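[1] give me a 3D structure for the following:
(2 chains)
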Amino acid sequence: MTGQTTTDVYSTPQMKAQRWQALAEDRCALSGISVYTQIFIGMALYLYGHVSTPGYLSILLTIPFAFLLLFLARRTAQNADGQNGVIAYAAGKRGTKFVLFLFLLLHLMNAQLIFVSLFAMLLDDMPEHSLWKMALLIAPVLAWANSGRQEDALVRLSRFLKWIIFLLLLSAFLGAAPHGRAAHFFPVLGYGWKSIVHGALWMCGAVSGCAWPLLMPQNQQTLSPMLAGKRKTVIPTLLSIIAGCATMAVSVWLMPFYAMARAETLGWRLMLVANMTPSIPAWSTETVGILLLFFLSLSHSASQASALAARMAGKRAAAGWVTLLLLLALVPCAVMQDAAMQEALMHLAFWRGPVTLLLLLGLYGSSAIRKKKQHKEKEQTP
Amino acid sequence: MRTDTDWEPAKPGVITEDYRESLLLIRQAARVENSEDVTLREFTVLGHPAALLYVDGLTDSENVQRFFLEPLLRAGPVPADEALRDYLMNTVLPLASVSPTFQLSTVLSRVFSGDAALIVDTMPGALIADMKGFVRRGIAEPVNESVVAGPHEGFTESLRDNTVLIRRLMRTPALICEAATVGTKIPSRLCLLYLDGIARQENVEEVKRRLAGCNVDYVSSIGMLEQLIEDDPAALLPQIACTERPDRAVSFLSEGQIVILMENAPAALALPVGFLHLFHAPDDTAMRWQYGTFLRLLRLCGMMISLLLPGLFIALTVYHPEGLSLSLMTSVVESQAKVPLSLFPSMLIMALIFSLINEAGTRVPGALGASLSIVGGLILGQAVVEAELFSPLILIVVALSGLGSYAAPTFPLTLALRIGQLILLLAAGFGGYPGMALALFCLLLRAFGVTSLHMPYFSPMAPKRPANPDHVLRLPIWRQRLRGAVANPFHMNRARGRMRAWDEPSKKTP
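    Residues are numbered from 1 along each chain as shown, chains lettered A, B, ... in the order given. Next comes the predicted model:
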């Protein structure tokens, strides 16, 4: 991202600092929204399908994991030279390009899978091959969303769209309240703890994205406020997780868990919600809101990836990588209609969380050792 | 054969002491022989041959006779220690605005703006006197920005009248009124107004830079100027506010924005502006805060209905009927049973017909306007329902969304809403909620990327800036201690301390 939200009318250093701080806050908010969306969609796609006990316990388990990730990412970024990015620092140019390629590819494949499963239920008359063709739309939208001034627009839009989360919760709660039963929260551990851990690992993968912005190479002016203020990085994530738990609780409150467990896709869940709450505004808000958040989260991740790519290529704007995004989108669309491929992708998504944690631990360790060495060398030099 | 230099008003040339040469230069440049209204009157002043150049109709002939020709013809001999030009300017001509100039281009520009130019043998340069006297429209109520509370004066086509209207409302020397022109071959006069000490100089310089960079021979209207200097011509939303109201222009000035007035334009441009400036109506501030807030919320609902309702209706009824209650679904199916067209094309056609009636209503002469509304609204609407061409539900949705679009206080915003509505309707028709959400995301992303004079369009909300809390809700005036953030004014504070200072507990009488 360029970070050029305004012109140089912000002429005094104090005003410039304010501007960078606001931008850093907006970026953190955007990350928070992405995390929430990942939790929400992750819940619908994975959690309900794989966890046979109340899934809110899995989310509760995810919270310490998310904070561990954030802590490691912040400390690693502080130790390393943030301007060039932690990944570039550790893996070199070629390594970063490889990581980037994997990130983009997996991200697009995951997005297309969500897109198709989501749209399959919302547009139930449409044949599946048409849906896969529609999934191709993601690439140009992402490419456009990451071109020129749209990068800044994405950050600004997040400030507006965060209210949608509250609207979603409100509409879901208002719709659920008359139908809710406390008994739906039980049995808590009636089906064993394994499925809860399993679900927590799914969610860890979903929230692991919150650590990425801090590892990306970016402008020192935005990175510094992000690292300096704990509340700016931690609070949006905390709020997103609380909101995710609240959404989960509302969903569980709404219907017995065996019904939720059958709802393997977000579309199914939405249909169940629609059947339980025949309230048009609530249902419409929920559907359009989730979709908006989905697109925002998608664009955010792509924006991070293309910003990283641009920095690696020594460019300020990510325009050249737009073509790469488009080309990358065509490959998974062609191969992902195969069920085995989809299964493989689900497995990859499952291991995303633990792998990110291990990667961060490694990066943190190496950066801490290097910093200590540098510190010692400084002390020794007269 | 004519060459390109014939189409060149800024002819290089200097008015010298040589009367014959200067006269020939002016005669050729002003096309005196070809233009019937361009008058070149030759006479003798103090024994020297002289000529007066003016455009009949643009210049007040009576004033020329009374304050120019008569004093000149009656003038006594020139004192030995005084130059002819100074004698004429200081002693003979009883005029407030008279100035010397040497450039032929300046002479022509001033004469064709309604001034009179005098050249005299042995006098270097010409004397230009303000003699404007053309027909002008009186000050009337603005047609497109009517208000319930607040002044009822609107701008006219006269640049000077417009600056006067603003000066009358803002009586301070801090109000700077800089002259400028736009148009390389036929320059149009402009006035750049800003509040010194409040408006940021960088913004003023940027506006001047853009005006100077308008490389077009003639700018015919203020709308054309707006398109030439805006940040993002491809954006759907207007980035410069256009107002017909002096009080609104003054409100912009007090926020640190820059106002541009143009000759022959009964409107002013203000920049930089954000979305909120287009959302706020001129009389919001004039009303008590409870009324203002109520009206703003109503307006917001109207705008949302206008933008989203047709698309939502189509998405729900065509793709997601599970979201509808049984009774509503039955009513939709029953009303649609005898109609030949399906819901989506019906809605699209009706929305286009509504826009057509609206456009026709704007263009027809005033007397026919009422008849057209009756034909369009009542007869056509009733007829299509009775003929079972369209479902009454479609008519209700289109009428509601149309009504919502009129809630937008500015016409460009109304048009932007209507275009946005059509885009969302098409997206909903092709892809239900997913399609609509995708289109809405793109529209929002595009809107949030817009800037006005490089300032983010949705500032101070996104990105957040410390500013006046007068956003969607119209908070009480005494809580609005800061100015708007969009123009990034030098002094943010409107008031120091409490605005209702008399209400302080210490100042209350026991």
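[2] assumed B:Val148 was part of a helix.
    No. Going by DSSP: H, G, I helix; E, B strand; the rest coil, the assignment for B:Val148 is coil, not a helix.
[3] what about it, how many neighbours?
    Look at B:Val148: counted by other C-beta atoms under 10 Å in any protein chain shown, it has 11 neighbours. C-beta: built from backbone N, CA, C; applies to glycine.
[4] and for A:Cys204?
    25.
[5] identify the residues contacting it.
    Counting by C-beta atoms under 8 Å, 6 or more residues apart in numbering or on different chains, A:Cys204 touches A:62, A:65-66, A:352-354, A:356-357.
[6] and it, what helix or strand is that in?
    Counting by DSSP states H and E, the element that carries A:Cys204 is helix A:194-207.
[7] in that helix, what's buried?
    A:195-196, A:198-207 (16 or more other C-beta atoms under 10 Å in any protein chain shown).
[8] was I right about B:Ala265 contacting B:Ser221?
    Yes. Taking contacts as C-beta atoms under 8 Å, B:Ala265 lies within contact range of B:Ser221: 6.4 Å.
[9] burial count for the closest residue to B:His277 other than its chain neighbours?
    Nearest residue to B:His277 in three dimensions, chain neighbours excluded: B:Ala241, at 5.3 Å (C-beta to C-beta, 6 or more residues apart in numbering or on different chains). Residue crowding around B:Ala241 was assessed by other C-beta under 10 Å; the count is 26.
[10] partner residues bridging B:Ala241?
    B:Ala270 (DSSP bridges).
[11] then B:Tyr218?
    Note on B:Tyr218: beta-bridge partners by DSSP bridges are B:Ile186.
[12] list the contacts of it.
    When contacts are counted by C-beta under 8 Å, 6+ apart, B:Tyr218 touches B:183, B:185-186, B:188.
[13] per-residue confidence for it?
    On pLDDT, B:Tyr218 comes in at 91.
[14] with B:Leu307 instead?
    93.
[15] tell me the domain boundaries of chain B?
    According to automatic domain parsing, chain B comprises the domains B:4-129, B:159-273, B:298-510.
[16] to B:Ala281, which of those domains lies closest?
    Closest approach to B:Ala281 among the domains of chain B (C-beta to C-beta): domain B:298-510, 4.1 Å.
[17] okay, now the unreliable bits of chain B?
    Within chain B, the stretches with pLDDT under 70 are B:1-12, B:323, B:366-372, B:374-375, B:378, B:507-510.
[18] hey, where'd the strands end up in it?
    Residue ranges of the strands in chain B, as given by DSSP state E, are B:38-45, B:48-55, B:98-101, B:116-120, B:126-129, B:175-182, B:188-195, B:241-243, B:258-262, B:268-271, B:451-452, B:455-456.
[19] how about those strands, which one is nearest B:Pro412?
    Closest of the strands of chain B to B:Pro412 is strand B:241-243, at 7.2 Å (criterion: C-beta to C-beta).
[20] so which bits of the stretch 351-500 of chain B are right by chain A?
    B:431-434, B:436-438, B:440-442, B:444-449, B:451, B:453-456, B:458-459, B:461-465, B:488 (C-beta under 8 Å from any C-beta of the partner chain).
[21] try it again with 10 Å
    Counting by C-beta under 10 Å from any C-beta of the partner chain, the residues of the stretch 351-500 of chain B close to chain A are B:430-438, B:440-442, B:444-451, B:453-466, B:487-488.
[22] let's have the domains of chain B in JSON lines, adding distance to A:Ser367.
    JSON lines is the format used below for those (distance: least, C-beta to C-beta, whole Å):
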{"stretch": "domain B:4-129", "distance to A:Ser367": "65"}
{"stretch": "domain B:159-273", "distance to A:Ser367": "41"}
{"stretch": "domain B:298-510", "distance to A:Ser367": "31"}
